[in-house]
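Undergrad: Give me a 3D structure for the following:
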Amino acid sequence: MLISNQKNFIFIHIPKTAGTSIAKKLRPYANPRTMTPWRAIRRALPIGGAVNPQRAWFEMHDTAEFVRKKLSAEVYDHYFRFAFVRSPYTHAYSHYHFLKTYAYKKYANIVNQQTFEAYLEWRLKSNQKAFRTRVQRFALLADQTSFIYDQQGECLVNYIGRFEHIQQDCEQLAQQLDIPDLKLEHHRKGTYKRSLTPSELSQAERDLIHELYKRDFENFQYPKQ
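TA: The predicted structure follows:
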């Protein structure tokens with residue numbers, strides 16, 4: 001995620017939604033993210049007491065709820081907050097193939113031995129609350145809703161863009177943020193087939209995605225197929 005005092009925004013980076021490409025364009029306007037021992041200590045401390053946004057250090061995929069608690073609601077709500085989402089079908093498929101080449105070999109080895117259906121079952125059965133590390137949170141990914149909604153079901157961002165028409169939405173964001181150029185370049189592009197449609201999935205695969213991304217279908221109004 002990125003915070004910008006210069007342009008008054010917070011970008012919540014949901015994995016596998018072209019966030020790397022967006023972040024690259026936004027980073028020149030963002031607050032510095034240099035890690036220091038003190039920032040590491042402050043991050044590890046129990047949430048409580050506002051953290052100075054210009055001195056805060058957050059991980060790439062921190063949730064909006066975590067950021068809001070660290071900064072305080074008053075500070076967080078002052079910013080224009082946004083994120084991007086994508087169809088649960090292609091989100092799951094993209095994450096599956098990314099894990100096959102994941103730098104952390106433990107999980108790459110697990111997923112390389114799984115069919116897409118087995119991967120979905122593995123992810124669905126995982127107890128997210130039991131996993132604390134950044135690597136584990138990414139490998140056993142929660143739904144997209146968990147990144148921008150709090151536990152009470154409140155959406156914590158002002159704007160939700162769509163991967164399916166990302167350039168159009170980025171142009172709207174550029175106007176909102178008064179940024180001259182948000183024309184994206186594709187980073188971390190996968191080598192797998194990218195034109196997946198729900199009709200190419202088995203009924204079992206579709207059912208697992210419907211369960212795993214139940215809240216996403218409801219909150220972002222993606223049609224079940």
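
Undergrad: now the helices for this structure?
TA: Taking DSSP state H, the helices of the chain run over residues 19-26, 37-44, 64-71, 73-76, 88-100, 105-112, 116-125, 134-139, 145-148, 166-177, 203-212, 214-220.

Undergrad: helices or strands next to the longest strand seen in the chain in the packing?
TA: Taking DSSP state E as the criterion, the chain has its longest strand at strand 80-85. Where contact means 3 or more CB pairs under 8 Å, 6 or more residues apart in numbering; DSSP states H and E, strand 80-85 is packed against strand 9-11, strand 159-162, helix 166-177. Placement of C-beta: from N, CA and C, glycine included.

Undergrad: Quickly run through the sheet partners of the first one, with directions.
TA: Strand 9-11 sits in its sheet next to strand 2-4 (antiparallel), strand 80-85 (parallel), going by DSSP bridges.

Undergrad: now those in JSON lines, with mean pLDDT, distance to His210 and mean neighbour count?
TA: Output for the strands paired with strand 9-11, formatted as JSON lines (pLDDT from 0 to 100; distance: least, CB to CB, whole Å; neighbours: other CB atoms under 10 Å):
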{"stretch": "strand 2-4", "mean pLDDT": "96", "distance to His210": "32", "mean neighbour count": "22"}
{"stretch": "strand 80-85", "mean pLDDT": "98", "distance to His210": "16", "mean neighbour count": "22"}
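
Undergrad: could you redo those as JSON lines and give each row distance to Glu200?
TA: Output for the strands paired with strand 9-11, formatted as JSON lines (distance: least, CB to CB, whole Å):
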{"stretch": "strand 2-4", "distance to Glu200": "35"}
{"stretch": "strand 80-85", "distance to Glu200": "21"}
